[in-house]
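S.K.: Show me the folded form of this:
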Amino acid sequence: MEKAQERTFPAPGHSGVSDPNSNDCRAVSGILSRIGDKWSVLIIHRLGDGPRRFNEIKRIVGGISQRMLTLTLRNLERDGLISRTVTPTVPPRVDYALTDLGRDLLIPISALSEWAIRHQPCIMAARTRFDAAEGAHRPAETPHEERVSAG
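M.R.: Numbering: from 1, shown residues only. Prediction:
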């Protein structure tokens, strides 16, 4: 015998029908994950000064692997934030640049970057205070063997 499906009712004030104009949390979350990862932020910020070639981006971003840079650039291009232009020379020249959408995103990214730079000393001081307080309030851990045998 099959179990009857439970029926759920919409919350008060909600029709239960998806509004096509509303922001679906999952879709927004996916976009924020893409534009919020450290490599995307750094690349978009660096492309704010104008088009750049792959190796130039790799050099100025620093610490990014070739594979991660390739994946990030591809994803940013897929999302319409950057464009990739191939000039048929020998060897081919490939330039990456912000699209209009990417330039629009540069505004909040630049503001966030400036905020982070301006407040870095405050955050580092807060971390130091927190870590010191946590160390003072946390009992020293015993090795795993002692905890097991003591129990």
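S.K.: tally of neighbours for Asp49?
M.R.: Look at Asp49: counted by other C-beta atoms under 10 Å, it has 9 neighbours. Yep, even glycine has a C-beta here, placed from its N, CA and C like the rest.
S.K.: ok, now Asp95?
M.R.: For Asp95, the count of nearby residues is 15 (other C-beta under 10 Å).
S.K.: How about the one 4 residues further on?
M.R.: Residues contacting Thr99 under the criterion other C-beta under 10 Å number 16.
S.K.: can you start the count at 614 instead of 1 from here on
M.R.: Got it, the first residue is 614 from now on, which makes the last one we talked about Thr712.
S.K.: Now Asn668: which helix or strand?
M.R.: Using DSSP states H and E, Asn668 sits within helix 667-674.
S.K.: what's in contact with that helix?
M.R.: With contact meaning C-beta atoms under 8 Å, 6 or more residues apart in numbering, helix 667-674 is reached by Trp652, Leu655, Ile656, Arg659, Leu660, Arg665, Ile677, Gln679, Leu682, Leu686, Val707, Tyr709.
S.K.: Can you select the buried ones among those for me in ChimeraX?
M.R.: In ChimeraX syntax, the buried subset of the contacts of helix 667-674 is picked out as below (16 or more other C-beta atoms under 10 Å):
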select :652,655,656,659,660,665,677,682,686,709
